[in-house]
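Asker: structure of the sequence below:
(one chain, ligands or ions: 1)
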Amino acid sequence: MWLSAVRFGTLQTRDKSQRITRKKFAEPLRQVGSVETMTNRTLKNDRFLRAIRRQPVRQTPIWIMRQAGRYLPEYREARKQAGSFLTLCQTPELACKVTLQPLERYALDAAIIFSDILVIPDAMGLGLTMVESIGPVFENPITRTDDIRRLGVPDPESDLGYVLAAVRTTVDHLAGSVPLIGFSGSPWTLAVYMIEGRSKTDFSKILSFAESNPKELHELLRILSRSVSVYLTAKAKAGASALMIFDTWGGLLTTRQYQEFSLQFMTRIVKELAHSVPDTPVILFTKGGGKWLESMAQSGCHAIGIDWTTDIGEARSRVGDSVALQGNLNPDSLKNSDREIENETAGILAAFGRGSGHIFNLGHGIKPEIDPAKVSVLVHAVQDMSRRYHEWVPTSVKRRADYSSKR
Ligand code: 1CP
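Answerer: Here you go, the predicted structure:
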């Protein structure tokens with residue numbers, strides 16, 4: 001809607017006799033240095049989106065994978081009150097509340113919607129439950145090739161409407177303070193859970209299925225790619241400003257298998273998103289994917305998440321200017337002393353080096369046993385130490401310089 005995408009203001013100009021005249025004007029939000037989401041909101045802090053696009057920033061943005069979760073006492077309390085993890089996910093007000101919890105404690109540069117990658121298989125009828133000492137378990141996992149033929153692509157509004165409602169509610173509550181990230185699992189990672197049936201397994205079922213039934217696995221991955229594309233499109237249209245695909249188990253594969261079973265399908269999703277929601281950047285994260293950065297960068301994604309086993313400086317020289325990088329502190333570093341956390345943070349900032357295109361994060365999700373005070377140490381360290389790597393020229397100064405150089 002045009003009207004909500006413009007800002008009204010007053011423009012001061014001088015007429016021939018140098019008298020100041022004031023004119024009412026309306027300008028598109030994009031031209032005043034803001035980033036416009038699908039819902040045309042103005043962001044007060046757009047550092048994360050600027051870094052994804054490798055535009056100049058004053059300091060390196062930071063958010064933390066699994067930032068809303070069990071390491072926070074207020075999360076554990078909300079989960080207890082809700083009665084279960086799934087109730088938290090399926091009640092938009094509660095999902096919103098939990099999404100905002102880490103932002104109330106820390107000056108993070110992005111929120112990520114509280115949900116789970118396994119809501120897609122659940123919507124396909126696999127029956128997700130969360131078992132206390134195990135984690136996610138499916139009541140009806142895929143055990144035969146026939147099970148795949150029965151699967152359909154979930155409709156985001158009717159089958160996953162609770163996630164979209166949570167996105168809308170959270171975007172309202174954020175009121176433009178920071179962008180909201182929407183996410184999904186990669187087709188391969190979802191297929192791993194759907195065939196293994198639960199977490200904490202040895203992956204023997206999925207790996208032998210890939211060996212003996214590659215055609216059927218491709219069929220499953222095609223259905224999942226379509227499901228992820230329409231789901232992420234709907235999340236962006238509901239207000240998510242960026243999208244992330246978690247390929248947690250891509251690193252299990254050989255290079256040939258990674259291309260065949262994981263990257264090929266993520267690339268298809270990225271291409272579809274480029275058509276359906278062209279203004280929404282996409283981050284790809286393959287845990288253990290350090291050896292495949294060049295081919296990941298060719299998928300058309302805007303940023304690659306890297307785990308802590310890859311040196312971020314080397315990663316940068318390999319991908320060049322093609323994508324931004326997100327990461328990559330070892331999640332176990334948060335068990336160390338404050339001084340050690342600061343030193344490791346300094347090392348990662350220095351390894352990435354000068355300029356934009358870095359989003360600070362852990363190399364994988366924060367662990368439940370981490371002391372929340374350590375996250376403060378990390379966030380402050382990034383904010384204090386990253387400024388020296390950015391040459392920040394305020395837009396107004398740049399405009400004046402452009403103006404005088406043209407005269
Ligand atoms: O309260 C509880 O006991 C549930 C713990 C929990 C939480 C907090 C689960 C179960 N999921 C989540 C939230 C979640 N999951 C988010 C929240 C948003 C955030 O703050 O980041 C996100 C992004 C996820 C994504 C997710 N779920 C992934 C990909 C990211 C990753 O960490 O690799 C995976 C693999 C899952 C599956 C899953 N769901 C839950 C658990 C414990 C797991 C991992 C199980 C396993 O190790 O196989």
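
Asker: confirm that residue 288 sits in a strand.
Answerer: No - per DSSP: H, G, I helix; E, B strand; the rest coil, residue 288 lies outside any strand segment and is coil.

Asker: so it sits against residue 307, correct?
Answerer: Yes - Residue 288 lies in contact with residue 307 (C-beta atoms under 8 Å); the separation is 6.5 Å. For the C-beta atoms, the positions are set from N, CA and C on the backbone; glycine is no exception.

Asker: got any residues that touch both of these two?
Answerer: Jointly contacting residue 288 and residue 307 under the rule C-beta atoms under 8 Å, 6 or more residues apart in numbering are residue 251.

Asker: what sits against the closest residue to the ligand within the stretch 151-300 of the chain?
Answerer: When scored by C-beta to the nearest ligand atom, the stretch 151-300 of the chain has residue 199 as its residue closest to the ligand, at 3.0 Å. Contact partners of residue 199, counting by C-beta under 8 Å, 6+ apart, are 134, 135, 136, 137, 193.

Asker: you'd agree the third one is up against residue 127?
Answerer: No - taking contacts as C-beta under 8 Å, residue 136 lies outside contact range of residue 127: 10.9 Å.

Asker: the more surrounded of these two?
Answerer: Counted by other C-beta atoms under 10 Å, residue 136 and residue 127 do not tie: residue 136 has more neighbours, with 20 against 12.

Asker: helix, strand or coil for that one?
Answerer: Classification of residue 136 using three-state DSSP returns strand.

Asker: repeat that for the one 4 residues further on.
Answerer: Going by three-state DSSP, the secondary structure assigned to residue 140 is coil.

Asker: how far away is it from residue 309?
Answerer: Distance of residue 140 to residue 309, computed by C-beta to C-beta, to the nearest Å: 35 Å.

Asker: torsion angles phi and psi at residue 92?
Answerer: phi -50, psi -40 (degrees, to the nearest 10).

Asker: please enumerate the strands of this structure.
Answerer: 6-14, 20-28, 111-112, 128-131, 135-138, 180-185, 242-247, 282-286, 303-305, 324-329, 358-362 (DSSP state E).

Asker: any idea how many residues pack against residue 73?
Answerer: Per other C-beta under 10 Å, the neighbour tally for residue 73 reads 10.

Asker: contacts only, for the nearest residue to residue 386 once chain neighbours are set aside.
Answerer: Nearest residue to residue 386 in three dimensions, chain neighbours excluded: residue 60, at 3.7 Å (C-beta to C-beta, 6 or more residues apart in numbering). For residue 60, the contact set (C-beta under 8 Å, 6+ apart) comprises 51, 349, 352, 358, 359, 360, 382, 386, 389, 390.
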